[in-house]
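[1] Just to be clear, the model below is a prediction. Sequence and coordinates:
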Amino acid sequence: MSRWDLSATLATCLTLEDVSDAERKPDLNYETPVLQVTSKARENKYEVVCLPLTTEAWKRRWSSMCLLPVDATEEEKGEASKAAELWRVRPGFLKDEVTLSRLDEAEGVIAMVSEWLELDSPDDWIRNDAEIALQQELSYASYLNIATAILPPPRNRDHVASYARAINSCLQATSYISLSVRLPIYNPSVFQPTSPLSSYPSSSSHNSLMSPQTPALVVSDANQDRPQNSETSLNATWEMWDLIRSMCDYNPRLTLTLDLSPALPTSLGVLSKWAAEAVRHIFLPASTFIANMKGYPHRPTIILADVNSGRHARGGERAYSQYIRHLEKTSPTVQAAQKPGTVENFAQGYQDYLQAPLQPLMDNLPSFTYQVFEKDPVKYAQYEEAMYRAFLDRPADGKTLVCVAGAGRGPLVARCLTALERAHRDAKVYVIEKNPNAYVTLQHRQEREWGDKVQLVFGDMRVIDVPEQVDILVSELLGSFGDNELSPECLDGAMRFLKPDGISIPSSYTAHLAPLSSSKLYNEARSGNSEKSLETPYVVMFQAVNILSGLPLSNNHNVRSAKLRFYIPHAGVLHGLAGYFEAVLYGNVGLSIHPQRKDQISKDMLSWFPLFFPFKEPLYLPSDSELQVSIWRLTNNQKVWYEWHAESFLSIPKKPAEGDDAFQPARAPTPSIPTSPSGFPSPLIDSVDPFSNQWRRMSVATNSTSSSADVEYESVKIGHTSLHNPGGRSSWIGL
């Protein structure tokens, strides 16, 4: 992989003014002003150019047909109505209403759809005409073979469903063009003073939206009494995006242009939820760059807007892209991906790629699969260290009997012999393998490397016998979820080889679950177009995911079934469960893919990626909700399988019984969330820790006295999933 394969594609956002400047100052080397500005951009090392698709002339014509001043005469209304009806029947552009007219002009261009289109206007006629205009613009973009169009952001929370319906209609009407919704990471208006008279944006205010500044979300008059707080405001744009992509059925041609113009919030939870979304572009105007001590810009992006305005004193336009490349080059993630032996380097090409788990008993693995796993120096170094310490704990003057169960091509056998040499111990090593093809490799290695130190035993460890019981039993039958590759079933049969006081390596293992959000993984899982594909656990190297809740060390699943509870601090969508494992090999030597502990236990171990249990339908989880996950590991005579299910709950105040005195809450609010001003705490704003007792009793003061009364909180169910993979109908591991 070349060193720039991991780098972002850089784009610049040109404006109508840039095109106008080229018209006034033409370069005879270019046939059109658009070719002039796009060529200049590429000379400045931009691979892609963002350009408005339409001109002000189109906006004026549309407004003259679809928006009329209140003092318009009847004659003017009649003429406008006639023109509008003709346009609605046969929508189309005039030549001065578009910026692009040739295929060579559109090459490498991302089209910016007219930002003044109000697809979420409270006025039905404006919404309808805006949708017709959008379809007209996308049809023209498709005609010019433009691959991607960036859509104006929704601005009206109350009518975002209308916006989403219009987008879905456009996706159905076009065959290949990708649509990207531009949204800020949160509603920037929460930090701006607002007038109590503010309402929806009028058509006359559209001029302000032609700039690359981030538009503010508008809240309708009907919701002015709704308490606004930092959590709901920070979640507002993500909730709109969630509704849009859900109503568009997670269409893979619908992506997100994340606008980082507002200052980044300090809450990691607000930022991490976007990491799990289908982010195609990142938008950042030059105004958000901070000059360093030398006057150069400092802060990267992908789509750069307004970079030729001379906002910074030094460096010029190219300094922005140069600084991005510098940050990429020095990024710890990029450096790790370029360093051999790291997980990041090994996993290139595997990120968010669904792989079916192995069938270790049903299938005889090919040599190439063994070779891939044997490239993991960390795992085998840990095994060698564990065996070395176990040998040291054995008497120095005796002979230790060892059994390697499931030897594959022999990497554990080689490490075992090395550990014996280090510990200066004598041993007899029995090696068991059921794969007849791998057994040939073991015979060659015994003849060339191991000699009579090793005795090979061919067969299934569950049914064959070894000549004598052993002191140490070594195996590497663990899967991504600990027991998902039949470690219990295999080792249950092999434990008869071990003396009563013998040592098993590994000595124990635990599995961990965490709720996960990822549009990418959900779309990948359902791309199979069958129920089976969404009821199958997959091995995945997670990248574009958001873990919705913490993963406490006590949250383990090492039994046949488990019911786990998770506190959800920030709103999100549950797409599946992430499965991890951690194993104790011997003493304090272990293996781990637990995301918070892997670097301390077995850093850069390559052999296992996490397991992903998908859900067939996404489950929305509001802030401060509780998720309960049930998982079962089931078996019969032929197979082993998992079944899983989830429920969501929210803590709300219990309604007082009839005759109880009215009271007002006066309790400490949830951190960073103000107490609601209503008579009873709001279940969304004043929610409490769901891990407390099911019935929370809290002291509150009455209106008339300072005495206290008890408020009871109850956990109310707000959603659930279906039972996944019942009876192992879709996925199972054969015995």
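    Cool, got the structure.
[2] so the closest residue in space to Tyr380 that isn't next to it in sequence, which of the three states?
    Nearest residue to Tyr380, sequence neighbours excluded (Cβ to Cβ, 6 or more residues apart in numbering): Arg415, at 5.2 Å. Glycine gets a C-beta too; all of them are placed from N, C-alpha and C. Here Arg415 takes the helix state, with states given by DSSP: H, G, I helix; E, B strand; the rest coil.
[3] same check, this time on Leu304
    Three-state assignment for Leu304 (three-state DSSP): strand.
[4] What helices and strands are in contact with the helix or strand containing Glu17?
    Assigned by DSSP states H and E, Glu17 belongs to helix 16-24. Judged by 3 or more Cβ pairs under 8 Å, 6 or more residues apart in numbering; DSSP states H and E, helix 16-24 is in contact with helix 33-43.
[5] Pull out the buried positions in the helix it packs on.
    Using 16 or more other Cβ atoms under 10 Å as the test for burial, helix 33-43 gives Pro33, Val34, Leu35, Gln36, Val37, Thr38, Lys40, Ala41.
[6] Out of these, which is nearest to Asp120?
    Lowest distance from Asp120 to the buried residues of helix 33-43 (Cβ to Cβ) belongs to Val34, with 30.6 Å.
[7] How far off centre is the lengthiest helix in the chain?
    Longest helix in the chain by number of residues (criterion: DSSP state H): helix 124-143. Relative to the chain's own centre, helix 124-143 is displaced by 31 Å; criterion: Cα atoms, centre = their mean, to the nearest Å.
[8] which helices and strands sit right next to it?
    Using 3+ Cβ pairs under 8 Å, 6+ apart as the contact test, the elements touching helix 124-143 are helix 56-66, helix 74-89, strand 148-151, helix 160-173.
[9] Quick one: the strands in the stretch 501-650 of the chain, in order.
    Ranges of strands within the stretch 501-650 of the chain are 508-517, 538-539, 546-547, 561-568, 572-586, 589-592, 611-621, 625-635, 639-653, based on DSSP state E, counting those that start in this stretch.
[10] Out of these, the one nearest Met362 is which?
    When the strands of the stretch 501-650 of the chain are compared by Cβ to Cβ, strand 639-653 sits nearest Met362, at 9.2 Å.
[11] how far is whichever strand or helix holds Gln382 from where the chain is centred?
    If you go by DSSP H and E, Gln382 is part of helix 377-392. Here helix 377-392 is found 36 Å from its chain centre; the criterion is Cα atoms, centre = their mean.
[12] when you give positions from now on, start the count at 538
    In the new count, where the first residue is 538, that last one comes out as helix 914-929.
[13] Please spell out which residues along it are buried.
    Of all the residues in helix 914-929, those buried under the rule 16+ other Cβ under 10 Å are 915-917, 919-928.
[14] Next: stretch 776-783.
    The neighbour-count check on stretch 776-783 (16+ other Cβ under 10 Å) flags Glu776, Met777, Trp778, Asp779, Leu780, Ile781, Arg782 as buried.
[15] do stretch 1058-1069 as well
    Buried residues in stretch 1058-1069, counted by 16+ other Cβ under 10 Å: Leu1058, Tyr1059, Asn1060, Glu1061, Ala1062, Arg1063.
[16] so the fourth one sits right up against Ala815, yeah?
    No. Under the criterion of Cβ atoms under 8 Å, Glu1061 is not in contact with Ala815, lying 11.4 Å apart.
[17] Just give the number of residues close to His981.
    The tally of other residues near His981 (other Cβ atoms under 10 Å) stands at 11.
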